[in-house]
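Student: Predicted model and sequence below, questions to follow.
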Amino acid sequence: MGSAEKKQRKKKPNFKKRKNSQLSETDENLITVKEDNEQNKPSGKKKIKREKGNSFDVSDVQDNSNKAAKEKKRNKSKKKLRREEKSNATPIDEVGEHGAEDGDDADNSNENLVAGASQVKKEIENPGRPVGKSKKARKKKKKDRGSLMKDEELEENTRDADEDDVYMISSGDEDCSKGMKKWVTEYHQSRPGLKVFQQRIDEFITAHEAKLEQERKEREARAAEGGWTVVVHHKGRKKTTDAESGIAVGSVAQAAVEDKMAKKKKKDVGLDFYRFQRREAKRNEIMLLQSKFEQDRKRIQQLRAARKFKPY
Amino acid sequence: MDADTTVTLTDPMDYKVEELLKEVHFARAPAITKLVDDTVSAVRKSISKIPDAFPVTADLAPGFVRDIGADKVEFKFNKPKTFKIGGSYSINCVVKPAVNVDLFVGLPKECFHEKDYLNHRYHAKRCLYLCVIKKHLKSSPSFDKVEWSAMQNEARKPVLVVYPAVKSVEAPGFFVRIIPTAASLFNIAKLNLKRNNVRAFNQDGIPRATPKYNSSILEDMFLEDNAEYVEKTISRWKELGEALILLKVWARQRSSIYVHDCLNGYLISILLSYLVSLDKINNSMKALQILRVVLDFIATSKLWNRGLYFPPKGQIGVSKEEKLQYKEAFPVVICDPSAQVNLAFRMTSVGFCELQDEAASTLQCMDKCGDGGFEETFFTKIDFPAKYDYCVRLNLRGHTEVHALGFCLDDECWRLYEQKVHSLLNQGLVDRAKSIRVTWRNSPSEWNIENGLAVLDREPLLVGISVSSLEKLFRIVDIGPNAENKEEALRFRKFWGEKAELRRFKDGTIAESTVWESEQWTRHLILKGIIEYVLLRHLSLSKENVVQIVDQLDFSLLHGAKDLVSFSASLLEAFEVLSKRLHLIEDIPLKISSVQPLDSAFRFTSVFPPEPHPLANERHTVSRLHKLTPSCIQPLEVMIQLEGSGNWPMDHVAIEKTKSAFLIKIGESLQNRWGMTCSATEDDADIFMSGYAFRLKILHERGLSLVKSENGNKAKRVYSTDKILFIRGQHASMINGLQGRYPVFGPVVRVAKRWAASHLFSACLVEEAVELLVAYLFLKPLPFNVPCSRVTGFLRFLRLLAEYDWTFSALVVDINNDFGPEDFKVINDNFMSSRKASEENVQNVNPALFLATAYDKASEAWTTCSPNFTELKRLVAYARSSANLLTKLILEDQTDSCRWECLFRTPLNNYDAVVLLHRDRLPYPRRLLFPSEVNRGRHVARVNASKAFGPFLVPEEMKGSSEEVKNKMMVDFDPLRCFVGDVEKEYSKKLKLWYDSLGGDAIGLTWERVGSKKREREEAPEEETDSIGVLKAVGELGKGFVRDIYFLKAPRLMS
């Protein structure tokens, strides 16, 4: 993040020219930020400091004489932001904000998704603070995060200013290479009518059959070359499985076969025929139970680690 | 052998109980003891500083004295006779998180007159005494704050809650309750149940007995003795204390029984002592066994009918006559050891029934649920929202009718009002309700007792209703008494007013009745209508003060103004016709042997079943089209099977081609014979009929085995088209059967699906998985009953998702209840092997959400790839947050913006980038719940809308021949799917998409983890510009459909 800052500052000269009406909402902030940057330029030391630390305090780098005025401005826009947030605030929203800020501020390598999730969890584990409840509480929270907010805003705004403003993309209606037009065209192309498909399928089947025929012929030719074929003895029953794929052929349904197989009685000697077998079975069972117990124990430890034994 | 088994098997249970006790038991560590001792001695010290003979008058709490109607309350303050630590701390059974110590303060006899048991004088003095103490404690620096609370919600018996200034980490929120006791203050005979001690309580001048009032005083008189008795009993052996703790945990999870008119910790300990005194519990029992004995006693004992009396010690026991008196005065009797007071005098018969039910259902859990019902008994929260099908909140703030007759006579006005509401509802709902529970908490946290009792109506009164059966719930006509029965009929008319009608019924009887007209899809609102009518008619309430919960989520399923499920009947009719026609087809080589619906619309679980499209008809002429004719139509999949034949080709491609050939033949045949239009693509054939598009799929049975033999076990997870079809068919018929058994299943699934989609989980949790999760709630409802309303079902769905132990357990959905131990073993083995495979890396658990069903015991059908570990984590977090919000919405009034719709409005700032779509380019714009906007981050791109597509046909498109116009209707065209497909093709390694396939206008993007460790920090900015580039390219891919793209966060490198 630090080096990103640096870059932005270098680019500053062109900055003024790029003012876009699209960003009218944050314009006010943009200017403030820009001024900040101008003032801060000479203080090279601080720049380094900032590069080191991930979060930097706005007031730290601000010129004291201008401080009050800017604070005001920023507060104003902050209020706006707050109002907007409130309008579509949801409990998760609130939670999400935490997650987002945590991520931005600390710049840790946590995946933000996980951060968000754990944040949600925290929120829930903290029953004392009902999710997004009273205005008062929210305000207080906002205050707590005041410095964070400032940082974030600044960062956002500079980012906004960084590159070309919003990239405009055409509707794509003029060519069919990408986007909606392409999808609509593809849709219509995929439905040329039943007749066409019938024809295509016919063609395929003909080709396919020709291929199979070809293969058969080759096989026969190969057999003919040798002059003789191996005769395989088939047991009395009519063959019901295909030799190549091993699947059921003809009238015997697979389900019926399976059913029959299931009904067949097991003919092997019972496992508890000999005394040693019984003893062994018994021992095995105990071993099994022991391992199950161990497993349970392990699981409980895991549960405990996950605080699962808390019923409240 | 058997003995061996039981020993090893019960051990884990003991272990769990032990762990649970460790977790909840607030043990007396030295630091804790010190804190308690310090606080208590500080209280004593402060109180001892109060000067004796300090004159006390009503001025200390004028409002209170006025409201309870006491006269002659002046007294001179005297120091308390005794200080004694009582309650759960004295028996070392404090259960977290409510960490407190009861301090009994013996009221000195000098402050009271002999006749002070009359007319609430005792109560007033008791309160004033506390006022004096409070004043002094407040001035002491050792206490943080001193607040008022009420004993068991009884407002006339306030207690003081004192928070010490010294906070301890081990005991967060620790406080001391100061409870006055009145040992031997009054003559017990004067407080006999038959006596009237509140003179204002009379009927035409004849004084009525005041058993509750008398008991209220008697309770204080014997508080210390009873506490001592309990202490002596419980401390006899360790397991008793443990059992008490377990019982408390059990009861606390059940908010319908752990309330003022039912159970509390004190009563539990009394009950336990009682059972010890009866020798029902012996010292060889373990804590869990004792718990079982107690629950069994509560649920089944006959002793409740005659009341519980401790066996007399030496003296003569309670006489029969007295017992009869008790029985007449109170529904439940638990006499204290001294046999002078019914400790259960606050318990109502409804509360007791509820208690018995809960105990019985817990015993059932222990027998039937896995792990001995441990989870269900101690961990599942059984609160009003999850337990009752219908919840109603009455806002009675400032409602003077409640205390029109005075605040406290024999009973308190709030309790009487609870009973009134209960009896009204009972009468109004007749047999529709299995149980009705009405509770009203009256102890606000910041209660200024000095100002009186009028403020105690601040919290809403809560009604919970369990539905008896769905047939009864959906009944339209309630038949009342026969017209000839004049008296009854008159009473009926008086109760129902203009709603009562005299009707002649089919069997010739003429009877009074009420009729509750309702459409099929609004039948769940019948009960709501009745409740509203009855309450508004008999209580002078305004409509907005009766808050009903049952229909609050319906908005999420509406399409415009109506629920599309109302078209289901016509859809099923059309399907029947189609099925008949398919069976009749003669001119194809193989006859059609079966036709089976696949789409969720056929089983009432589709959020938006299609509405008939004017262009999808057999008629050739296009009739007048209304203005908003949709340009898209959603096809409904139907699976057909052909009769067997040996002539099918062998390889996969050829089979598919042959299927297509069959479909085309079928289409042509239908077209020729019935004039039904057919449209086909390479893979699908769509038949238009009665306004619907049916997409036919052929299941070729041999295709199932084909893949098995081709791939062996190598590509276990790659299912063939036939296998997928087969599984979908199995799933469809199973769910359909379930929906038939439980009509509420459909709506619950629909709300759940809507929830998952609106939080952009469409890609993570497939429809079928949601159906199975909800099915589980209906098949394994314990410790609840089967849900009978969509809100309850939805809440339980969210809690299931949030609380189920996905990492270590498979969720087994046994729809037909036919799994034997063998099946469970197979499932468990599958589960274990799937977990073992990912033992080293928890992140790669596959499938993270293990759903086993009869047709899919290895959870390969729906959740193999998604949700993955991280997706599930997010899903669980969202579910938890939504469940908590929903619970709160049901229980409390919301004053701020956090309302019902927030359950479905997803926060967009949880993503790294957000793509917003052109709302007027969505195929079904009316399905959009909320238009999304993004106010943060960086606006990367803006894209113009395409003119190639719009959700509705424009007038120009409606001109021309019917053939042409029909071709304008697009089957299964979904720009979102196209867009997602294109982006995933291009950037599946870089981006992950979160979207709402039901019709949202926002797509969340997250960067996939970049694994390279080589990259240095300095490269981050490049990374950022790179990602901006990616986003721009994404915009290009979605030309004409995407509206804006916002960049919120740069990708993070793995360190």
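Tutor: Everything's here; your move.

Student: got the contact list for the residue in chain B that chain A sits nearest to?
Tutor: Using CB to the nearest CB, residue B:1039 is the residue of chain B that sits closest to chain A, at 2.7 Å. From N, CA and C alone the C-beta is placed, and that goes for glycine too. Taking CB atoms under 8 Å, 6 or more residues apart in numbering or on different chains, we find residue B:1039 in contact with A:169-172, A:178-181, B:943, B:946.

Student: Go again with 10 Å.
Tutor: Listed by CB atoms under 10 Å, 6 or more residues apart in numbering or on different chains, the contact set of residue B:1039 reads A:169-175, A:177-183, B:943-946, B:979.

Student: any idea how far residue A:297 is from it?
Tutor: 59 Å (CB to CB, to the nearest Å).

Student: Domain boundaries for the chain, per the record?
Tutor: You didn't pick a chain, so chain A it is. In the assignment given by automatic domain parsing, the structural domains of chain A cover A:2-89+A:132-162, A:268-312.

Student: meant chain B actually
Tutor: B:25-186, B:385-476+B:516-551, B:554-727, B:742-901, B:907-1047.

Student: Indicate which one of these is closest to residue A:192.
Tutor: domain B:554-727 (9.0 Å; CB to CB).

Student: That closest one near chain A at all?
Tutor: Yes. Using CB under 10 Å from any CB of the partner chain, domain B:554-727 reaches chain A at B:644-646, B:649-651, B:653-654, B:656-665, B:667-668, B:671, B:678-686, B:701-702, B:704-706, B:708-710.

Student: right, and residue B:279 touches residue B:311 too?
Tutor: Yes. The pair residue B:279 and residue B:311 passes the contact test of CB atoms under 10 Å, sitting 9.2 Å apart.

Student: low pLDDT regions in the stretch 951-1055 of chain B?
Tutor: B:1010-1025, B:1052-1055 (pLDDT under 70).

Student: Kindly recompute the last result at 80.
Tutor: B:955-966, B:1009-1025, B:1050-1055 (pLDDT under 80).

Student: lowest average confidence, helix or strand, in the chain?
Tutor: No chain was given, so I picked chain A. helix A:58-61 (a mean of 37; mean pLDDT, DSSP states H and E).

Student: was after chain B, sorry
Tutor: Result, chain B / mean pLDDT, DSSP H and E: helix B:701-711, a mean of 59.

Student: Name the next helix or strand downstream of it, please.
Tutor: helix B:721-741 (DSSP states H and E).

Student: tilt between the next helix or strand after that next one and helix B:721-741?
Tutor: Counting by DSSP H and E, the next helix or strand C-terminal to helix B:721-741 is helix B:745-758. Helix B:745-758 and helix B:721-741 are oriented at 130 degrees to each other (axes from the mean of the first three to the mean of the last three CA atoms, to 10 degrees).

Student: Let's see helix B:745-758 as CSV, backbone CA atoms only.
Tutor: Below are the C-alpha coordinates for helix B:745-758, written out as CSV (Å, rounded to 0.1, in the frame of the first residue of the first chain):
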residue,chain,number,x,y,z
PHE,B,745,-42.3,-28.1,3.0
GLY,B,746,-42.7,-26.3,-0.3
PRO,B,747,-42.9,-22.8,1.0
VAL,B,748,-40.0,-23.3,3.5
VAL,B,749,-37.8,-24.6,0.6
ARG,B,750,-38.8,-21.6,-1.5
VAL,B,751,-37.9,-19.1,1.2
ALA,B,752,-34.7,-20.9,1.9
LYS,B,753,-33.8,-21.0,-1.8
ARG,B,754,-34.6,-17.3,-2.1
TRP,B,755,-32.4,-16.6,0.8
ALA,B,756,-29.4,-18.5,-0.5
ALA,B,757,-29.8,-16.9,-3.9
SER,B,758,-30.2,-13.4,-2.7
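
Student: Could you pull up the mean pLDDT of the following helix or strand past it?
Tutor: Sequence order places helix B:767-779 as the next helix or strand after helix B:745-758, per DSSP H and E. For helix B:767-779, mean pLDDT rounds to 94.

Student: what helices or strands is helix B:767-779 leaning on?
Tutor: In terms of contacts (3 or more CB pairs under 10 Å, 6 or more residues apart in numbering or on different chains; DSSP states H and E), helix B:767-779 is packed against helix B:721-741, helix B:745-758, helix B:790-803, strand B:811-812, strand B:851-852.

Student: Who are the packing partners of the last one?
Tutor: Contact here means 3+ CB pairs under 10 Å, 6+ apart; on that basis strand B:851-852 packs against helix B:767-779, strand B:811-812, helix B:821-836.

Student: what pLDDT does residue 231 get?
Tutor: Answering for chain A, as no chain was given. So residue A:231 comes in at 64 (pLDDT).

Student: You answered for a different chain; I wanted chain B.
Tutor: 92.
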